[in-house]
Structure formats: C-alpha cells, structure tokens
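**Student:** Fold the following, please.
(chains A and B)
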Amino acid sequence: MLGQKSKATRAVELIVIFIIAVLFTFPLYWIITGAFKTVKEVNSTTPVWWPYEWTMDNWTKLMGKLKAPLFEINIPFSQYWSEDGNPIVAISGATVPAAIRWMINTVWMAVAAMLLTCLTSALAGYSLAKKRFVGRNLIFTLIVCAMALPKQVILIPLIREMSSLKLYNTLAAVIFPIVGWPFGVFLIKQFAESIPGEILEAARIDGAGELKTFNTVVFPMIKPGVGALAIFTFIQSWNDYFMQLIMLSSTKNLTISLGIAKMQAENSTDYGLIMAGAAFASVPIIIVFIIFQKYFTKGITMGAVKG
Amino acid sequence: MNRNKSGMSRALVRRETTAGYLFLLPSLFFFLTFVVYPMVMCIITSFFDSNMGKNTKDVFIGLGNYIELFRDQIFLGALKNTFIIVLVSVPVVMVFSLWVANCIYDMKPWLTSLFRVVFYLPVVTGSVAVTVVWKWMFNNRLGIFNYIFKSLGIIEKNINWLGDSKYALGCIILILLTTSVGQPIVLYVSALGNVDQSLVEAAEVDGANRRQVFWKIKWPQIMPTTLYILIITMINSFQCFALIQLLTSGGPNHSTDTIMYYIYYNAFKLYRYGYGNAMGVILMIIIAVLSAIQFKLGQSDS
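**Tutor:** Numbers count the residues shown, from 1 in each chain, chains lettered A, B, ... in the order given. Predicted coordinates:
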C-alpha cells in the first residue's frame, strides 16, 4: 500500500531501535550483576560481563553496615515541647539494617504524599472548576504562575521555614511541599470542568449536601484524573532527590536513594556495595512499574493531555 | 426573591462561597505555606546579606547580590553550562523521542509496550541508582568505557572522563539524555496513536508519501504534545542537579557547575543564603521568560 513503510525500512528501524534499547537496559544489567560480583571481579580492569561466582558479600555488607529501628511512632507535635527539639519516640520497632528502614521511609513518604495530594487536589480542583465565588480567578492565576516556576528555587527558603516549624529532618518536611505543589489542583480542575452543571444542580435539588454531592456525583467523574495524579505524584516524590537531600539528615530518617548516595560518598570505591544498594533501591519500584505498566502509561499521558 | 446577575439567590451564593472555600482550604493551606511563602521569601532574601542565621543578622544590601552575581565568573560559567546542557539536550530529546515513538507506535501492542518500558526504565530506576552505575562505567581505571574504547583502538590511554573538564560536561549530558527521553516517548506514542486515521488514509489515497503524511497530517496534530514536551524537557534540563552533585560536585574546578548546583553549593556549602536566593530569582526569571515565549509560539502556530 502507498505510504506504508516498506518491509526493508521497517526491519532496519527495528534493528536500530533494538540495539538502542539494549544499551538503555545495560546500566540496570550492570547494577544487578555488579551487586553479586566479588571484590576481585568488581575491581578487575577487564570488565567481568557475567559474575563467575555469585556472591552475597555485597548484600551482607549493605545490610550489616548501619542499623536503625524498623519503625518509630512519635508522640505527635512532641518536638514543640521536648527538650532537644526532636520528637519523642513512643514506640519503636526492632533494630534492623538501615537500608530496610530507608525503604520503609521512602514507601511511607511516597504513599503519604500521594494520598494527601490526591485528597486536597480533588477537593480544590472541583471547587475551582464548579464553584462560583469571589477570589476564584485570583487563586487560579496564582496557581498557574507558581506552576511555571522551577520547583527547586523554593528549597533554600524552605529549609529555614522547616527549621523554625521544627519539621527539619522529618519526612513531613519532604511530604508537605509536594502536597503544596499546585499541579494536582490544576490537573483535577481540567477533569472537573467536564462535569455537567445540570447533574450538580439535580443533586442539590434532591437535597444532597455538599460533601455527599462530592462523594457520589463528583468523585466518580474525576476518578481517572485522580488515578493519573496518584501515579504521577508517587513517581515524583520517590525520585525527588534534591528535596530529600536538604531536608533529611539523621541516618534513621533517610530515604533509600539518599541512603545510597551517602553510602557512595563514604565508600566511593566499593562498587559492589554501591551496586547492591542501587539494586535494592531500584528493583522493587521497577517491578511495581512493570506490573502496573498500563496504569503508569495512562497516568503519564493523561497528566500531560489535560495539564 | 433577591437575585444577583447570575440568577442565584443570595442564600445560594453564600452557600457556594462557603463550600467553595472549604473545599479549597486544605490545598490552599499547603500551597500558601509551602510554596508561595518560600517563593516570596526567596525574592525578599535575595536583597539581603544572609548566612542562614548562623552568625549575624541579615543585612539589607539592595541589589548587592545581583551585582556580585554578574561579576562572579563561576556563576557566569554555571549559567553557560546550564545553557549548553539545555541547548544540547532539548533538541536531541525531542528528535530522538519523536523518532523512536514514530517507529514503535504502530508495532504489535506487546512490542510497543516492551520498548516503552525499556526507554522509561532509567526514569523509574531513579536518579541516584542511575548515577552511581554510570559513575562506575566512567571510572578511570575500572570503567567499561575506557576498556571498550581501548579495545576498539579509539583511545590509547585511559581517559578520566569525569575528572577532565574537556569531557565531564559531555558525560553528564549523555546520562541526562538517557533519563530524559522516557516520558516524551510515552507521550508521543499516545499522541501518534490518536492521530485521525481517516485523514491519513485520505492523504494516502491522494498519493502522499510517508514523509508528506508525517509532516502534513501527523505533525500538526501532535503539536500540543510537542509543545508540552518542549517545556517539560527544558525545565528538567535547567534543573539538572542530582547528576552533578553525585558525579562531579561541579568539578573539576567548577567546569560542570550548573545554576542549580551552584545555588546548592552557595547555600549549603558556603552558607551564603541570600546570594543563593538571588541566583534562584534569576533562574525563575529565565524559565518564566522562556516558557512564555514557547507558549506564545505554540498559540500562534495553532
């Protein structure tokens, strides 16, 4: 057929793309194999493409180096009256390798940021799209302006703010600015615009309260948007290295990428250990990504189309 | 009944306003406290000589920080590096991702997903894991780059890729590229899949060749996606930080400083808080101006 790609071009394209794809997966391959190489193999000037003897040494080192409690439940707001300004720990878990605690911190941070962002954005996006009130346009303009600015420039002032709020070196210091970032509100507003006014009118005439209307009428209609936002926020907060770097300092409070980065700074030549750390940090999220690939793709595209 | 111009009763207006603000409140709280306030503080503090409250009080110095900035050779170098990174990476990302997407979007669905996953992998892997493995690959003695290039006879002696100001920035751009094409490819694949097939078929019936079909039919329809990718890629490249901090720390001799890294360096290594914020303001202005230009261009195009 005219205009269709010929078989030969197609084959060449496929081969070239295939080669590039292999190169793209190579770093991941190098991380995973590197994590199981012996010191000798890692330090060999001739690359060892496939480990001769798979060793767990790097993993033992990764898990043995630093320790931290599995979890800690703080007395809420206790940093405001405690003597040293740190939160008072009410319950703490068994001592485990710090890397495990870092993973727990990271998951907790990403999930909390995701849930809070989805909740606040869903409410606010609906309000901005469908409610008529004084100041609405001003708030929306402010949101659009803030979105166009680079997120990281607020980080230096944030440090000072978090210190005076006594939130520095807590996961809340990482979570709150993510929740405040207005992209989610903007995204949900675009989705909520398409809710027909008549449906809302009908719900009101039926005597439904505002919250009930939101739950039964609005939320089901903006659900795809909320789903997209959830995935978007999760990836973003998982990868927001800069913010984690400046906000978190004590070993038990680090996230996994921050922990690996610190390890790298302290043992810069022990590539086996660092690769074990990198594998530990990335493989779980890669598996999640591959399983939920469809939703990820949808989330990424929807965020762009509507945003 | 007392009605205003939109035909709503006063009670209804009050109810709408209350509900509107209550729904907005949680989000507005986080937005104002953790985004707007620090942004305002960033601008205000940029006019002060401030060292994070470590020793002395902040002293108002007017435009002092800004005047110093434009005499600071390292800052100007960082500005130049940032622009080099943006000017190289943005076009390469755009062209490469469009080419890949155009090749894979009409393959068998499982192949399309496979390639999409592969190109998105570096994004999911996370900047730290990606950076540490590249650091190893670029290593002077143990890295595979030196090994491969030496075996192929391209180089004779080992090159200290990240420690040599001739190569360091190039290496950083290369890594940045691999982590930047994932999202654009996903977006382009979906945009190309949504192109109106009847138009494509009509053009083919009229005897248009592949190139014509692409530029006349597909390209205009994926324009909004292109614009969006252009803006996000640009902003991402401007904010390149983790790579620099983990690979070179701006070295050797500040040859790989970017604005973002130099801000970090001033604020957290030298504790020059006000000075760092002045750079932040400059970065804000640059990005705002560039986004506005692109937005205008996008509007006049469509």
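
**Student:** could you pull out the helices for the stretch 101-250 of chain B?
**Tutor:** B:109-125, B:127-137, B:144-151, B:168-180, B:182-193, B:197-205, B:210-212, B:219-221, B:223-238, B:242-247 (DSSP state H, counting those that start in this stretch).

**Student:** Apart from its chain neighbours, what residue comes closest to B:Leu227?
**Tutor:** B:Gly298 (4.1 Å; C-beta to C-beta, 6 or more residues apart in numbering or on different chains). The C-beta positions use only the backbone N, C-alpha and C, and glycine is treated the same way.

**Student:** you'd agree A:Leu28 is up against B:Thr125?
**Tutor:** Yes: counting by C-beta atoms under 8 Å, B:Thr125 is a contact partner of A:Leu28 at 6.1 Å.

**Student:** Report the set of residues contacting both of these two.
**Tutor:** A:282, A:286 (C-beta atoms under 8 Å, 6 or more residues apart in numbering or on different chains).

**Student:** So between those two, which is more surrounded?
**Tutor:** B:Thr125 (27 against 22; other C-beta atoms under 10 Å in any protein chain shown).

**Student:** so what's the more buried one up against?
**Tutor:** Shown in contact with B:Thr125 (C-beta under 8 Å, 6+ apart): A:27-28, A:31, A:282, A:285-286.

**Student:** now A:Phe232: how far from A:Phe242?
**Tutor:** 18 Å (C-beta to C-beta, to the nearest Å).

**Student:** Compare those two and say which is more crowded by neighbours.
**Tutor:** Per other C-beta under 10 Å, whichever of A:Phe232 and A:Phe242 has more neighbours is A:Phe232, with 23 against 19.

**Student:** Only alpha carbons, please: show the helix or strand containing that one as CSV.
**Tutor:** Using DSSP states H and E, A:Phe232 sits in helix A:219-239. Output of helix A:219-239 as CSV, limited to C-alpha atoms (Å, rounded to 0.1, in the frame of the first residue of the first chain):
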residue,chain,number,x,y,z
PHE,A,219,-15.6,11.9,42.7
PRO,A,220,-16.7,9.1,40.3
MET,A,221,-16.4,11.5,37.4
ILE,A,222,-12.9,12.8,38.3
LYS,A,223,-11.6,9.3,39.2
PRO,A,224,-9.4,8.8,36.1
GLY,A,225,-7.8,12.2,36.8
VAL,A,226,-7.2,11.3,40.5
GLY,A,227,-5.7,7.9,39.4
ALA,A,228,-3.3,9.7,37.0
LEU,A,229,-2.4,12.2,39.7
ALA,A,230,-1.7,9.4,42.2
ILE,A,231,0.8,7.7,39.9
PHE,A,232,2.4,11.0,38.9
THR,A,233,2.9,12.1,42.5
PHE,A,234,4.2,8.7,43.5
ILE,A,235,7.0,8.7,40.9
GLN,A,236,7.8,12.3,41.5
SER,A,237,8.1,12.0,45.3
TRP,A,238,10.0,8.8,45.0
ASN,A,239,12.6,10.5,42.8
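
**Student:** what's it packed up against?
**Tutor:** Under the contact criterion of 3 or more C-beta pairs under 8 Å, 6 or more residues apart in numbering or on different chains; DSSP states H and E, helix A:219-239 touches helix A:98-130, helix A:171-180, helix A:183-192, helix A:293-306, helix B:109-125.

**Student:** Does chain B have contacts with the first one?
**Tutor:** Yes: residues of helix A:98-130 contacting chain B under C-beta under 8 Å from any C-beta of the partner chain: A:116, A:119-121, A:123-124, A:126-128.

**Student:** Same check on the second one?
**Tutor:** Yes: interface with chain B: helix A:171-180 contributes A:176-177, A:179-180 (C-beta under 8 Å from any C-beta).

**Student:** hang on, the earlier thing: would TSV of the residues of helix A:98-130 next to chain B with pLDDT and neighbour count be doable?
**Tutor:** Below are the residues of helix A:98-130 next to chain B laid out as TSV (pLDDT from 0 to 100; neighbours: other C-beta atoms under 10 Å in any protein chain shown):
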residue	pLDDT	neighbour count
A:Leu116	97	20
A:Leu119	96	15
A:Thr120	96	24
A:Ser121	96	29
A:Leu123	95	22
A:Ala124	95	28
A:Tyr126	93	29
A:Ser127	93	29
A:Leu128	93	24
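
**Student:** Having no further points to raise, I will conclude here.
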